[in-house]
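Participant: Sequence and predicted structure below; questions after.
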Amino acid sequence: MILQKENSVEFKVSGRYALFSDPITRMGGEKFSYQVPTYQALKGILESVYWKPTFIWYIDEVRVMNRITTQSQGIRPINYNQPSNTLSIYTYLSNVEYQVKAHFEWNLNRPNLEQDRNENKHFFIAKRMLERGGRRDIFLGTRECQGYVEPCRYGEGSSNYDDYGELSFGVMFHGFDYPDETGEDKLVARLWTPVMRNGYIKFIKPQECSIKREISKMKAKVFGEGNFSGLQEFEGVEL
């Protein structure tokens, strides 16, 4: 039997609340969600469904299904420097649902994992994990916002923004450049200016982001026989 070679997935993610923001601004104080999910948040969701250091997930598009609405809640954050109680207002997105289209590409910065580059194996594992709701818990931007994933056909069904036209969201956080994906020993934050057209947002690739800021020095994690079982796999079967 000849297996079809694929590297793309389509799925729906939904939840009661979501909080998509620049992680750098989350240290204390009040938090306010972006109107739409960030590239990094959707990538994190897909990595919770299925991930290996052999490949990198790339988010191609997202479709906003439900009307964008917000809900504010009073939260008592943890005080690290003083014992007194404070009250912060967190503004979440409520009743969210998105369709997502993504694909994976080999991580060429990890040549020691070349023997694990089996496109059919990783595609069918990812497909099964989507059908089961993911390998790990799904969060919509932050830990307290539980999410749920399931397979879907991208573009099917009606959206609240099918005939809305064009909407720009200004400068937004796109994602992080990690050392294991770039080959550079530093953590870099990316920014971009997304535009939604009739509910669809097409993401640019991380390499195409022109607005970047270095956060800190960082080294890539090393994977070997002691902490990665993929080195003992051959065509999807563990030896």
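Facilitator: Perfect, thanks for sending it.
Participant: Endpoint to endpoint, stretch 109-118 covers what distance?
Facilitator: Across its full length, stretch 109-118 reaches 17 Å between end residues, using C-alpha to C-alpha, to the nearest Å.
Participant: what comes up buried for that stretch?
Facilitator: For stretch 109-118, the buried set under the neighbour-count rule, 16 or more other C-beta atoms under 10 Å, comprises 109-110, 113, 116, 118. Where you see a C-beta, it was placed from the backbone N, CA and C, and this is true even at glycine.
Participant: Restricted to helices, list these.
Facilitator: Restricting these to those inside helices, with DSSP state H as the criterion, leaves an empty set.
Participant: could you dump the residues you listed to CSV with pLDDT and distance to Gly141?
Facilitator: Putting the buried residues of stretch 109-118 into CSV (pLDDT from 0 to 100; distance: C-beta to C-beta, whole Å) gives the following:
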residue, pLDDT, distance to Gly141
Asn109, 90, 27
Arg110, 89, 28
Leu113, 88, 29
Asp116, 89, 30
Asn118, 91, 32
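Participant: Dump those into a markdown table; add distance to Ala189 as well.
Facilitator: Conversion of those to a markdown table gives the following (distance: C-beta to C-beta, whole Å):
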| residue | distance to Ala189 |
| --- | --- |
| Asn109 | 19 |
| Arg110 | 23 |
| Leu113 | 26 |
| Asp116 | 29 |
| Asn118 | 33 |
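Participant: of these, closest to Lys52?
Facilitator: Taking C-beta to C-beta as the measure, Lys52 lies nearest Asp116 of those, at 7.0 Å.
Participant: you'd agree the closest one is up against Asn107?
Facilitator: No. With contacts defined as C-beta atoms under 8 Å, Asp116 does not count as touching Asn107, sitting 10.0 Å away.
Participant: where do the contact lists of the two overlap?
Facilitator: Common neighbours of Asp116 and Asn107, using C-beta atoms under 8 Å, 6 or more residues apart in numbering, are Thr54.
Participant: Pull up the pairing partners for the longest strand belonging to the chain, direction included.
Facilitator: Within the chain, and with DSSP state E defining each element, the longest strand by residue count is strand 88-106. In the sheet, strand 88-106 lines up against strand 8-18 (antiparallel), strand 31-32 (parallel), strand 55-64 (antiparallel), strand 70-75 (antiparallel) (DSSP bridges).
Participant: Using CSV, write out every CA atom in the longest one.
Facilitator: Extracted as CSV, the C-alpha positions of strand 8-18 are listed here (Å, rounded to 0.1, in the frame of the first residue of the first chain):
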residue,chain,number,x,y,z
SER,A,8,-0.6,19.8,6.3
VAL,A,9,-3.5,19.7,8.7
GLU,A,10,-6.8,21.5,9.1
PHE,A,11,-8.6,21.7,12.5
LYS,A,12,-11.1,23.7,14.6
VAL,A,13,-10.2,25.1,18.0
SER,A,14,-12.8,26.6,20.3
GLY,A,15,-13.3,27.6,23.9
ARG,A,16,-15.2,29.7,26.4
TYR,A,17,-12.5,32.2,26.9
ALA,A,18,-9.2,33.2,25.3
